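Trainee: Structure here, sequence nowhere to be found:
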């Protein structure tokens, strides 16, 4: 009878959710925004929680109105219910035609008015699916070694990591002076000696750990912030000062961490590879909620041992560099992820004659910069992402073209901009190229 009561509550929620979604209509679209639509949807969700949830329960659909409903009575099937006293856990799967299969986990509490939903989580992976095949996991960990190379820093980097973690230092990254805050988050245990640095919201079987294996142990984690923005996160591997800094290379050759969900986690890769995929999804949802208003969180991947830390990632999504600080004896003393909040770009501007063909000036070597003609149009193409500005100037300095006003087409690793001038550029016109060389800490 108790399981049927739990089932009844979930089925009633699913039915009411679908009805609410139908009343709200479909999403107004990516490039349209109607406050009345989203206000109505927020009211619908609030009514759903009042009818079926405990205070503060979230449906997972807050702030977004999808073009297809997240719950449909004719498509969502309850696959299991477990009851333990006044708590219950239920799982379901939804196979909606034309949509990706969704998996849900409901937690319920029993009170004076019966069972109510206290937590609802959605997943892309089914229960029990491992994050990574055990054989592949072993090979992945073996790819990290204590002898892995420590690459030299590229030129045009002026780094001051001690300055990033100097509490109360006054900085002004956004124009307004503010004090740098440094918080000790806690102690992280890495039993395997293999570290992973990644976006916890996008972990899959293709992740790569850091190539340099560390001594297994427990290490302090610090996070530096300014104006509530994360500046950097540091794993302190010893008390020895760093006498040199090196890019922290991953086993796939990368030297930075890619972010798509606004966070960076440092964790024990040995624990991570033993987790189920759905468990990692749920951990991310829990930690993302905890990150609001805090500099970072510490947690255990698979038990009571705290072997992971996660922080918000500076400006948000992007690619952030990682560095090893190395002590005088050659051992890693610290690992730092730099979110480049306290940084300014080092740029170089060069001018070359504007003429069709390859641009082969030494300062622009490596960009594979070319100017080609297409009727009355000019196509300026290059390889890589180092160019930050392109302009065409007349001999007297008059601006003829600003590349920031043109669209960019990317294919095969090449970026190109097409310029359609009203008249051909005069003899003596120049192409001005601004390229990114590196950055300096401020």
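Mentor: Cool, got the structure. Predicted model only: the values in this text are computed from it and were never measured. Residues are numbered from 1 along each chain as shown.
Trainee: Give me the buried stretch members for the helix ranked longest in the chain, please.
Mentor: As assigned by DSSP state H, the longest helix anywhere in the chain is helix 2-24. Along helix 2-24, these residues count as buried under the neighbour rule (16 or more other C-beta atoms under 10 Å): 6-7, 9-10, 13-14, 16-18, 20-21, 24. Using the backbone N, CA and C atoms, a C-beta is placed for each residue, glycine as well.
Trainee: In the stretch 301-442 of the chain, mark out all the strands, start to finish.
Mentor: Assigned by DSSP state E, counting those that start in this stretch, the strands in the stretch 301-442 of the chain fall at 308-312, 318-326, 332-338, 343-353, 357-358, 370-374, 377-383, 387-393, 399-402, 409-411, 414-419, 430-441.
Trainee: which residues touch the second one?
Mentor: Okay, so that is strand 318-326. 150, 159, 161, 197, 210, 212, 242-248, 255-259, 264, 313-314, 332-340 (C-beta atoms under 8 Å, 6 or more residues apart in numbering).
Trainee: and it, which strands flank it?
Mentor: strand 244-247 (antiparallel), strand 256-259 (antiparallel), strand 332-338 (antiparallel) (DSSP bridges).
Trainee: and what of the first one?
Mentor: For strand 308-312, the paired strands and their directions (DSSP bridges) are strand 263-268 (antiparallel), strand 297-299 (antiparallel).
Trainee: that older thread, nearest to residue 94, out of the strands paired with strand 318-326?
Mentor: strand 256-259 (29.0 Å; C-beta to C-beta).
Trainee: Quick check: which ranges of this structure have low pLDDT?
Mentor: 1, 25-33 (pLDDT under 70).
Trainee: try 80
Mentor: For the chain, the stretches flagged by pLDDT under 80 are 1, 25-35, 64, 97-98, 205-206.
Trainee: in it, which spans are helices?
Mentor: 2-24, 35-52, 134-142, 161-164, 269-272, 277-291.
Trainee: possible to save those helices as TSV with distance to residue 307?
Mentor: Shown next, in TSV, are the helices of the chain (distance: least, C-beta to C-beta, whole Å):
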stretch	distance to residue 307
helix 2-24	34
helix 35-52	34
helix 134-142	14
helix 161-164	24
helix 269-272	5
helix 277-291	12
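Trainee: can you tell which of the ones you listed is closest to residue 184?
Mentor: helix 161-164 (14.7 Å).
Trainee: what separates that closest one from the chain centre, distance-wise?
Mentor: Mean C-alpha position of helix 161-164 versus that of the full chain (C-alpha atoms, centre = their mean, to the nearest Å) differs by 23 Å.
Trainee: in terms of contact count, name the helices or strands touching it.
Mentor: Judged by 3 or more C-beta pairs under 8 Å, 6 or more residues apart in numbering; DSSP states H and E, helix 161-164 is in contact with strand 229-236, strand 332-338, strand 430-441.
Trainee: what residues does the longest one touch?
Mentor: Contact partners of strand 430-441, identified using C-beta under 8 Å, 6+ apart, comprise 154-161, 163-164, 340, 342-354, 359, 364, 367, 369, 371, 380, 385-393, 395.
Trainee: Let's see that with 6 Å instead.
Mentor: 156-160, 163, 342-352, 354, 386-389, 391-393 (C-beta atoms under 6 Å, 6 or more residues apart in numbering).
Trainee: Would you mind checking these for buried ones?
Mentor: Buried subset of those (neighbour count, 16+ other C-beta under 10 Å): 157, 159, 342-343, 350, 352, 354, 386-387, 391-393.
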